[in-house]
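A.B. asks: Following is a predicted model, sequence given first.
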Amino acid sequence: MNRNIYKSEQGKKVIEEYYNGILRNYTAYSFEQVFVDTDIARTHILKFGTIGKPPLFMFHGSTSNSATWLGCISYFINDFTIYCVDIPGEPGLSEAVRCEFTTDEPVRWITSLLDNMKIDKAFFLGMSLGSWYSMNFALKKTERLYALSMITAGGFAPMKKSFIFKAILSSMLGSFGKNMLNKAIYHKTAVPEQVMIFQTLAATHFNPIMEPLPIFTDEQIKNLSLPVQFFGGDHDGLIDSVKTAKRIKDNCTNADVHILKDTGHVILDQFANIYRFFMGISM
């Protein structure tokens, strides 16, 4: 699974330089770049806010990095210490090592991350792949979370075969193929230009995860007493979010589930609701 995640060293440099440029130009809130050694990989984190507030960990989606969260910091900065985590093996600044999804590596990675940061318990916010990491951890280490919010989520339904076909086809059809793929991902969501530029760079220089994410069983989900929130789009081109929502609602005893109309895989307008969900949790 740990093949080269970049197509070349030059491509790696191009992506890292663009990401660093985004961070240099971000001026809305001050942040600290932290590197944490873990059992699996050296991990890069953007830390916002002051110590002493409840910790909130944010885990981005596939083929992305913690720049994903820069637009939502304002919702949480006053009440949380925010840790935006670059998932190892993705195009961020963490070590280029991917966890083996079918092993204990994903749980070991987050466990050692929290342990080495001396954080016993935290709120988790995940997006797509980051939701899978977060839920997988929550199922095995429930006592380490106050609550979990997921913006789209892998692990509840397989990736749609139609998206896999479009992803393969897009690599052969140039700009037309990329536009087709973007429509499947974003639907009608307005996406910042720097995100689209980054996605173009990633498509050129980065080897994304091709392995399917393990699917959580009903029995696993039913054993989760943690407060869980989920947002999915009814036009999600990657995953059946309607099926995902039903499985969460039917099996989780403490679930807040939302299917958004005329919405695709990328959801960028629900952070106020996520904030209210977290603030309603007793600690």
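C.D. replies: Now that the structure is in, tell me what you want to look at. Just so it is clear, the structure is predicted and the values come from calculations on it, not from any experiment.
A.B. asks: show me where the stretch 101-250 of the chain has strands.
C.D. replies: 122-128, 145-153, 228-233 (DSSP state E, counting those that start in this stretch).
A.B. asks: quick one: low-confidence parts of the chain?
C.D. replies: 1-3, 160-189 (pLDDT under 70).
A.B. asks: right, so of the strands of the stretch 101-250 of the chain, which gets closest to E193?
C.D. replies: strand 122-128 (19.6 Å; CB to CB). Every residue, glycine included, has its C-beta placed from N, CA and C.
A.B. asks: what inclination does the closest one have with respect to strand 145-153?
C.D. replies: 10 degrees (axes from the mean of the first three to the mean of the last three CA atoms, to 10 degrees).
A.B. asks: Please compute how far stretch 229-236 lies from its chain's middle.
C.D. replies: 14 Å (CA atoms, centre = their mean, to the nearest Å).
A.B. asks: Touching it from outside, list them.
C.D. replies: 147-153, 187-188, 239, 241-242, 244-245, 248, 255-265, 267, 270, 273-274, 277 (CB atoms under 8 Å, 6 or more residues apart in numbering).
A.B. asks: Kindly provide the distance from R276 to I77.
C.D. replies: 15 Å (CB to CB, to the nearest Å).
A.B. asks: wait, I meant M279
C.D. replies: M279 is 13 Å from I77, by CB to CB.
A.B. asks: More neighbours: those two, which one.
C.D. replies: Applying other CB atoms under 10 Å to M279 and I77 shows that I77 carries more neighbours, namely 18 against 11.
A.B. asks: hang on, isn't that one packed against K47?
C.D. replies: No - I77 is not in contact with K47 according to CB atoms under 8 Å; the separation is 11.4 Å.
A.B. asks: Touching, I248 and V228? I think so.
C.D. replies: Yes - between I248 and V228 there is a contact under CB under 8 Å: 6.5 Å.
A.B. asks: Over to the nearest residue to N65 once chain neighbours are set aside. Which of the three states is it?
C.D. replies: With sequence-adjacent residues excluded and distances taken as CB to CB, 6 or more residues apart in numbering, N65 is closest to G92, at 3.3 Å. Using DSSP: H, G, I helix; E, B strand; the rest coil, the structure places G92 in coil.
A.B. asks: same thing with the one 3 residues further on?
C.D. replies: Each residue gets one of three states, and E95 gets coil by three-state DSSP.
A.B. asks: Can you pull the phi/psi pair for it?
C.D. replies: phi -60, psi 140 (degrees, to the nearest 10).
A.B. asks: dump the residue contacts of it.
C.D. replies: Counted by CB under 8 Å, 6+ apart, E95 has contacts 41-43, 88.
A.B. asks: ok, so what distance separates the closest residue to it other than its chain neighbours from A96?
C.D. replies: Nearest non-adjacent residue to E95, counting by CB to CB, 6+ apart: A41, 3.8 Å away. Distance, A41 to A96, by CB to CB: 8 Å.
A.B. asks: so what sits against both of the two?
C.D. replies: In contact with both A41 and A96: 88-89, using CB under 8 Å, 6+ apart.
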